[in-house]
Every structure is written in structure tokens, then in C-alpha cells.
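A.B. asks: let me see the structure of the following:
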Amino acid sequence: MNRISRSLLIAVLLAGGAHAKPPAAASLAKANEAVTARHYAALIAHTPQTAELTMFFTQMPKGADLHHHYSGAIYAERYVDWLDKQGACVDKHSYRILTDPAVVAAQRALPAAERTCLSSAEVLADDQTYRELLQRWSSKDFNNHGALQPPPDRQFFQTFLYFDPVSNANYHDGLLELKQRAVQENVGYIETMFKSAPQLANAEFDQAVEQGGADVDALLQGWYATLEKDAVFNRSVSNYLAVIDAAHAGIDDAGFTMRFQAYVLRLLPPSRVFASMVAGFKAASQDPLVVGVNIVGQESQAVSMRDYALHMRMFKFLKARYPNVKLALHAGELALGDVPPEGLSFHIDQALNVAGADRIGHGIDLAHETNAIGIMRTMRQKGVAVEINLTSNAFISGVKGEDHPLTMYRKYGVPYVISTDDAGVTRHNLANEYVLFASRYKPDYAEVKQASYNSLRYAFLPERDKQRLKAQLDARYAVFEAAIAGLDAAQVRAKH
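C.D. replies: A predicted model of the protein is given here:
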């Protein structure tokens, strides 16, 4: 039970709710659920009461966060704290991290007034540098007329270039911080895109793909066979898993679970993308901590658009060889104007029907897809959930409110989950995503609760783990709804 739930129970006791004689436990649970539903309905009626909704959703159990990027989930403030741990410093003019030991040592030897590359403490002591760093390393102040106003998609994707040197270390500390934050807001499971899978280049493969006319499946088979026999490549997969296992040690406990997705960067040359996919599939088939494979990187970028269909064929090729490996693919994270209109017409369709995705990440170009109705029918029939990231979609692509295809996914019965994407970059949390969902679309409490349970139902976990987490979620909802019922009763008595 988290701290907020305990405080709510204390409120119930102070209100005298614990002295009433309860009926049968099942009847009491139903009554508490009904009171909670009415309480929530009052918060979204007419003008949504967003402050109270924030309190409500901070306390409400939220099953899991399934669309979650490790490096983008950690706040920039923590990355500043890690500079000294890595012997790094931040250039106060470019806001880039410098890690060359000789450069850092030379800076340390200078008088403080002459240093241009700052330590953690020096960044914190220089308020102007610190504030501008936060604006560059995250979306802080972007919508509050901050000094930096590049296009929002550029602002978002460039943040990773700033903090990448420190995000690729301190893994255990980072996972522990994410766990603590999740527990604080009553989230029981995170499935995070943690670290890019190893890669290897093949110039002949890239040249053959670029020239066109070759049998793509034959090219993939040849490169795959080479990778299978490459001892260095296979050792890199083992080393990759060792990093994951070491970072994860001590993270799981009786009330919290974390698993990982290997991911592939779609901006690389084709041979490296495919090699990284192979590594991801191998990792997921060898270690139960790695529960799926994903592909990341700005979807509207030139290489992403050029090679999109090729990437989906790569996934299809490997899915046939590793049928038990799950795929959660970023697909359709595009809005009108990002790319020429024809570029909006097929990404979700190919992720679903070519690559064989088990979940779709974002899926915001749905209305522009040629096969939109067929996509939704297939997702509904096969139980392929879409991962909804409201803050991210609004910030990066300007897609929100009635423009967001969540309205269509709901209407046509497509399963969906509410998730955060990169909460450290866009500076929010999972509770905030539920606040946006409730205040913008006004679902009833039953639908909100179903979204919470969906996040476990569509997790890439063995069934026994899903059932364990579901039982925990049941217990958390019983506590939460009892507390809300008691709080509601106390408010009624206060009015009289």
C-alpha cells in the first residue's frame, strides 16, 4: 500500500467510517466501487475538476506503464547529478556533455572563474546555465514562453543528444529511481525500452539494398546466416544481457515488477538496423527479463521514411524464425504536414500486417491510413492494443483533443492502454496521462478502470505473472475504493 493510500485510509478512520458494520465483503466492495464511480463522475461533469482529478489519479492504481523509454523517463535534474559520477562536465556554451578525461582534467585545473565546462555542483550554482540546460535537455518552459523555441519535434528528439553520455551508465540507479516514482503513484509494473540492441555493419548488404533489384529476403537470409556464425556479434548479445541482468538486480519485489524491451534505432543504415533486430530477437528469446523488441527514432526523419517498408520486412523475416518474441512497434507517430500525404497512408497497416506487431505505439496517423477500418478490425479481433501517449502526441505532433484518433480506437472497440512515453523529457507522469484522458474524453469510471487493467492484460508477460499482478491490482483497487468511499461519506457528513 503506498503512502497516499495509507493517508486516505487514515482519513476514513478519522471520519468514523471504520465503526460502521460492513455487509458481506463482496457487497461492500461493489458499494465502494459504485461510490467511487459517482465521485469520479462528479469530477468530470461539466467543467472537469483537474486539480481533484490529479489527486484522484495520483492515488488510483494504474496497473502498468507499457510505452516507456528508460532514458527519456529520467528527469534532466538527475542527469546533472550523475555528471561527477562519470567524471564528466557540461560545456556552458553548447550545453553538451564532455567526457574526455584530458579535457575534464584541464578544466578542473583552471580557476573557477575561467572554467567553461562545469561539474554537477557548478551547474547547480550557476542558475542561468542550469535553467537553460533544463530547457535544452527537456521541454521545461517550452509552453511557458521559454527562451528556446525550436519546433517541438526538434526540441523533443534533440534532448537525447544532450544527456546521452550519462544516460548510458548508472543503469541500476536510474531503474531504482523509476521504480520509486512508480510506486509513489501506485503503478505496479513498468515495461521499459531500456537499451539499444547491439549492431554490426555490412557495407555489401547496404550497397545491394541501395542499388535495388535484389531479392530482399535472400539478402536478409545471407546477412542473418553470417550473424548467426559471428562469435563477436553473439558475444555482444551476451554482454548486452549481462548489463540488463546487473541493472535489474534488486528492482523487483513483492509489490513491483519491471521488464525490458530491446530496441532498434531506425535511423541507421539497413545492415546495422537488421543486425540490431537480430540481437534484439536473440536477447528476447534467451532472457526472460527481455520480453519484446521495438523500433525507435523519429518516424518522419528521411531515413525512417525511406526504409520503413524494408524495416517491416525485416521484422517479418525474424518473426518467422522467432515466433514467440513479442513486438511493440512505434508506428504512425505522424501528423498531417510532417511528411507528404502518401507517407501517412500505410505505417500502422504494415506494422500490423507485415511485421506482425503485438502492440502499436502511438498510432496517431490512423485517420490517414488507406486501410484504417481494416486496421481497427484486425486490432480488435486479434487483441492488438494501441499505446496512447497523450502528452507526447500533443507536444511533438500537436495532436490532441478530438483530433486524436483515440476517439476512433474507442468507438471501434480497439483495445488501448494509457502510457507515458518519455515522462522525463516532457515532464509529466502516468497520473497526468489519466487526467488528460478523463478531462478531454470523459470516459466513465468503468472505462478508466478497464484501461488500468488493460495495461496488465496486454503486457508481454507470462500468464502466471499477469495473474499475480492482476491479483495485486485487485487488492489495490479494494483499498483505493474503500478510501474514496470513506472520504465521500466524510464530505457528506461535513455538509450536514
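
A.B. asks: please parse this protein into its domains.
C.D. replies: What automatic domain parsing lists as the domains of the chain is 77-137, 171-471.

A.B. asks: so which of those domains gets nearest Tyr40?
C.D. replies: With respect to Tyr40, and counting by Cβ to Cβ, the nearest of those is domain 171-471 at 4.5 Å. In this view, the C-beta of every residue, glycine as well, is placed from N, C-alpha and C.

A.B. asks: gap between the two ends of that closest one?
C.D. replies: With Cα to Cα, to the nearest Å as the measure, domain 171-471 spans 29 Å from end to end.

A.B. asks: returning to that earlier point: point out the most buried one among the domains of the chain.
C.D. replies: Ranked by mean neighbour count, those are led by domain 171-471 with a mean of 19 (mean count of other Cβ atoms under 10 Å).

A.B. asks: now that one: how far from the chain's centre is it?
C.D. replies: Centroid separation for domain 171-471 versus its chain: 9 Å, with Cα atoms, centre = their mean, to the nearest Å.

A.B. asks: looking at the domains of the chain, which one has the lowest mean pLDDT?
C.D. replies: Mean pLDDT per stretch puts domain 77-137 lowest among those, at a mean of 92.

A.B. asks: quick one, what contacts Ala203?
C.D. replies: When contacts are counted by Cβ atoms under 8 Å, 6 or more residues apart in numbering, Ala203 is found next to Ser271.

A.B. asks: distance check, it against Glu210.
C.D. replies: Per Cβ to Cβ, to the nearest Å, Ala203 is found 10 Å from Glu210.

A.B. asks: indicate which one of the domains of the chain is closest to Ala41.
C.D. replies: For these, proximity to Ala41 was assessed by Cβ to Cβ; domain 171-471 is nearest, at 6.8 Å.

A.B. asks: would a markdown table of the domains of the chain with distance to Phe57 be doable?
C.D. replies: Putting the domains of the chain into a markdown table (distance: least, Cβ to Cβ, whole Å) gives the following:
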| stretch | distance to Phe57 |
| --- | --- |
| domain 77-137 | 23 |
| domain 171-471 | 4 |
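
A.B. asks: nearest to Gln49 among the ones you listed would be which one?
C.D. replies: That would be domain 171-471 among the domains of the chain, by Cβ to Cβ, at 8.6 Å.

A.B. asks: next, the buried residues of the lengthiest helix in the chain.
C.D. replies: For the chain, the helix that runs over the most residues, judged by DSSP state H, is helix 463-495. Within helix 463-495, the residues that qualify as buried are 465-466, 468-469, 472-473, 476-489, counting by 16 or more other Cβ atoms under 10 Å.

A.B. asks: which secondary structure elements does it sit against?
C.D. replies: Applying 3 or more Cβ pairs under 8 Å, 6 or more residues apart in numbering; DSSP states H and E, we find helix 463-495 packed against helix 3-14, helix 25-44, helix 50-59, helix 445-457.

A.B. asks: export the ones you listed as JSON lines, with columns for distance to Tyr409.
C.D. replies: Shown next, in JSON lines, are those (distance: least, Cβ to Cβ, whole Å):
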{"stretch": "helix 3-14", "distance to Tyr409": "30"}
{"stretch": "helix 25-44", "distance to Tyr409": "19"}
{"stretch": "helix 50-59", "distance to Tyr409": "20"}
{"stretch": "helix 445-457", "distance to Tyr409": "11"}
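
A.B. asks: distance of the residue nearest the centre of the chain from Leu178?
C.D. replies: With distances taken as Cα atoms, centre = their mean, His68 lies nearest the centre of the chain, 1.6 Å away. Shown here: His68 relative to Leu178, a distance of 8 Å by Cβ to Cβ.

A.B. asks: what does Ser94 give?
C.D. replies: Ser94 sits 28 Å away from Leu178, going by Cβ to Cβ.

A.B. asks: name the nearest residue to Asp126, sequence neighbours excluded.
C.D. replies: Leu118 (6.6 Å; Cβ to Cβ, 6 or more residues apart in numbering).

A.B. asks: can you pull the contacts of Ser300?
C.D. replies: When contacts are counted by Cβ under 8 Å, 6+ apart, Ser300 touches Asp153, Leu334, Asp338, Val339, Gly343.

A.B. asks: tell me the one of these nearest Val448?
C.D. replies: The nearest member of the contacts of Ser300 to Val448, counting by Cβ to Cβ, is Leu334 at 27.8 Å.

A.B. asks: give me the phi and psi for that closest one.
C.D. replies: phi -140, psi 150 (degrees, to the nearest 10).

A.B. asks: before we move on, which element is the spatially closest residue to Met314 that is not a sequence neighbour in?
C.D. replies: In space, and not counting its chain neighbours, Met314 is closest to Phe274: 5.1 Å by Cβ to Cβ, 6+ apart. Using DSSP states H and E, the element containing Phe274 is helix 270-286.

A.B. asks: other SSEs contacting that helix?
C.D. replies: For helix 270-286, the packing partners by 3+ Cβ pairs under 8 Å, 6+ apart come out as helix 203-211, helix 216-229, helix 231-248, strand 257-265, strand 290-296, helix 302-321.

A.B. asks: dump the ones you listed into TSV; add distance to Val80 as well.
C.D. replies: Shown next, in TSV, are the helices and strands packed on helix 270-286 (distance: least, Cβ to Cβ, whole Å):
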stretch	distance to Val80
helix 203-211	38
helix 216-229	39
helix 231-248	21
strand 257-265	24
strand 290-296	24
helix 302-321	30
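
A.B. asks: which of those sits closest to Tyr441?
C.D. replies: strand 290-296 (26.3 Å).

A.B. asks: contacts for that closest one next, please.
C.D. replies: The list of residues contacting strand 290-296 from outside it, by Cβ under 8 Å, 6+ apart, reads 69, 191, 193, 196-197, 241, 244, 259-266, 277, 280-281, 283-284, 311, 315, 325-330, 358, 361, 459-461.
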